[in-house]
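> Task: produce atomic coordinates for the following.
(2 chains)
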Amino acid sequence: MRPFQNNVLIPIDEDADEILMLRYQEGDASAFTRLYARHKGPLYRYLLRQCGQPATAEELFQDVWLKLIAARTGYTVQARFMTWLYRIAHNRLIDYYRASNRGLPVSYAGDCPEWIDVPAPLEEQPEHQDDRRRQAERLLVLLAELPEAQREAVLLKEEAGLSLEEIAQVTGTGRETVKSRLRYALARLRRGLGGAL
Amino acid sequence: MKNLRDWEFHDETLSILYQTTHDAEPPAWLDERILTAAHRAVAPPRPTPAAPCSRRRSIRFWAVPVALAATVIMAAGIVRLARETGEWAPRPQMPMESPSSLAEPAAKADTAPAGQRAAESAHQDSSAATPSLAPASPAAPAIRMMRMAPPSSAASSMQEKKAPIAEEQHRQDILQIAPAMRDEEAKLERQAVDRPPEKWLADIAELRRQGRLAEAEASLAAFRRRYPDYP
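Sure thing, here's the model as predicted:
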């Protein structure tokens, strides 16, 4: 790693996301292809889990990448590439929520500690699920039932592998807020999966 | 990710279980669309066909010189046409003339004595040699119209040209003969006036006898004017 702008370390590895993005900025289309192949799955699943509809997820997914392509000329390595990418995705998701009939989810307005005590519906409880596949499916169901902000924190951790600080940076919140969201989300998922884990 | 290792914020079992759900991927058509957009964004601009570009450039290059040349040619043509038709000549210093006063010279020419008309005609002929300095004659518009007549009406314009020319020739002949005729008449009148009344009456009678009644009547009228008291 070598120091770069704003005391951010830039990886020397030629295959690092930031280097690939800089190469794409200079006109190397193959660098973008590698970046895209690396991040398309996690980003798509992040959007899919957040909006719940494949068609909407595809639309948002396309918008995010097109925004990134359009913003390539102004790209500077001030943070990890992943943070930048998911910041764009988060903003697009918020726009989607605002444009939808239900508006911005309440969970983005503030933390909701009382949700930890809300039990999942009985029919959704995985009492009789014994194989791992069904447990995974159950996990997705439970994930879908989480408030959006908590679910987003989980997805940014699991899909993008972001740290607490990076999640806070992406979502525009504080580190403590991210911790709170993750804490509640994991507790609810564990309880939903019961003793199956 | 060290700070996510805390059990409160990270559950390894849940993470492993979640990774088994990583089968959802964007469709292939979406991959292709995004990659195409990304490649096109950094692709060098596609060169435009050479022929239309060079043609457009050559048109742009020649537009100004051609426009200037056309303007000069048109201006020269207008000046030449104006000189030929007399419109370019300066008008003489004279008070504004009404259409009726413009018609006066023609009327005067008809009523003026032959000698005077001959002199005017001579003046016109001499001035015609220098058309650029001559004032526009009343006939000038007609001449201009004839010059500007389209080629399709060439036959009719030829006939129109012939008629004024013949008329002008006839007028010139009359003007050339008129002084001699006028001198002859004056001489006879002087001789008639100077003879005695008896001789004059005898001549009148002789004219009547010869059947020259008109001349006899004219001579008798002159006699009465000369000798109103003659019985």
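> can I see the domain layout of chain B?
B:160-194, B:196-231 (automatic domain parsing).
> ok, and does the longest helix along chain A reach over to chain B?
If you go by DSSP state H, chain A has its longest helix at helix A:29-51. Yes: judged by C-beta under 8 Å from any C-beta of the partner chain, helix A:29-51 and chain B are in contact via A:29, A:32-33, A:36, A:40-41, A:44-45, A:48. The way it works is simple: take the backbone N, C-alpha and C, and place the C-beta from them, glycine included.
> which outside residues touch the following helix or strand past that helix?
The element immediately downstream of helix A:29-51 (helix or strand, assigned by DSSP states H and E) is helix A:54-70. Here helix A:54-70 makes contact (C-beta atoms under 8 Å, 6 or more residues apart in numbering or on different chains) with A:32, A:36, A:40, A:43-44, A:47-48, A:50-51, A:85, A:88-89, A:92-93, A:96, B:26-27, B:30, B:33-34, B:37-38, B:41.
> Extract the CA atoms of whichever helix or strand comes after helix A:54-70 and return them as CSV.
For helix A:54-70, the succeeding helix or strand toward the C-terminus, using DSSP H and E, is helix A:81-99. Extracted in CSV, the C-alpha atoms of helix A:81-99 (Å, rounded to 0.1, in the frame of the first residue of the first chain):
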residue,chain,number,x,y,z
PHE,A,81,-13.7,1.5,-4.3
MET,A,82,-16.4,-0.7,-2.6
THR,A,83,-17.4,2.3,-0.4
TRP,A,84,-17.8,4.5,-3.5
LEU,A,85,-19.8,1.8,-5.4
TYR,A,86,-22.1,1.0,-2.5
ARG,A,87,-22.6,4.7,-1.7
ILE,A,88,-23.9,5.2,-5.3
ALA,A,89,-26.1,2.1,-4.8
HIS,A,90,-27.4,3.3,-1.4
ASN,A,91,-28.3,6.7,-2.8
ARG,A,92,-30.1,5.1,-5.8
LEU,A,93,-32.0,2.9,-3.4
ILE,A,94,-33.1,5.8,-1.3
ASP,A,95,-34.3,7.6,-4.4
TYR,A,96,-36.3,4.4,-5.3
TYR,A,97,-37.9,4.4,-1.8
ARG,A,98,-38.8,8.0,-2.0
ALA,A,99,-40.3,7.6,-5.5
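> pLDDT averaged over helix A:81-99 - what is it?
The pLDDT scores in helix A:81-99 average 92.
> Looking at the one helix or strand residue B:16 maps to now, give me its mean pLDDT.
Assessed by DSSP H and E, residue B:16 sits inside helix B:12-19. The average pLDDT within helix B:12-19 is 85.
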